[in-house]
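Visitor: got a predicted structure here, sequence first:
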Amino acid sequence: MSESVVSVRCYSGHTYAQEPRSLVWQGKEHVVASVKSVRRVLKGETVLVVFSVETTGRMFFQLSYDESTDTWSAAERVC
């Protein structure tokens with residue numbers, strides 16, 4: 001599962017990147033239908049917020065938000 005830097009539109013309530021709403025993957029916007037899980041992962045000294053999501057088109061992605069660089073990455077998952 002390789003990751004690509006992506007553009008993500010998200011809901012931000014009390015914190016930034018609280019819940020992804022859509023992502024642009026391979027030039028097409030995909031609307032997030034549901035967030036299956038969310039967790040914080042320590043990768044070296046970097047904290048990632050990792051979301052497993054399903055889109056309205058029944059595609060599954062793992063979205064990772066790197067708080068230190070303010071960047072998103074995505075990997076399509078086969079389920």
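Guide: That came through fine.
Visitor: verify the contact between L48 and V41 for me.
Guide: Yes - if you go by Cβ atoms under 8 Å, L48 and V41 touch, sitting 4.6 Å apart. Every C-beta, even on glycine, is put in place using the N, C-alpha and C of the backbone.
Visitor: higher neighbour count, these two?
Guide: Comparing L48 with V41 by other Cβ atoms under 10 Å, the one with more neighbours is L48, at 16 against 10.
Visitor: now do the phi/psi pair for the more buried one.
Guide: phi -110, psi 140 (degrees, to the nearest 10).
Visitor: which residues in this protein form strands?
Guide: Ranges of strands within the chain are 4-11, 19-25, 28-43, 46-55, 60-66, 71-77, based on DSSP state E.
Visitor: okay, buried residues for the third one please.
Guide: Translated: strand 28-43. 30, 32, 38 (16 or more other Cβ atoms under 10 Å).
Visitor: tell me the one of these nearest G57?
Guide: Taking Cβ to Cβ as the measure, G57 sits nearest to H30 out of these, at 6.2 Å.
Visitor: look up the closest residue to that closest one, ignoring the ones flanking it.
Guide: T55 (4.2 Å; Cβ to Cβ, 6 or more residues apart in numbering).
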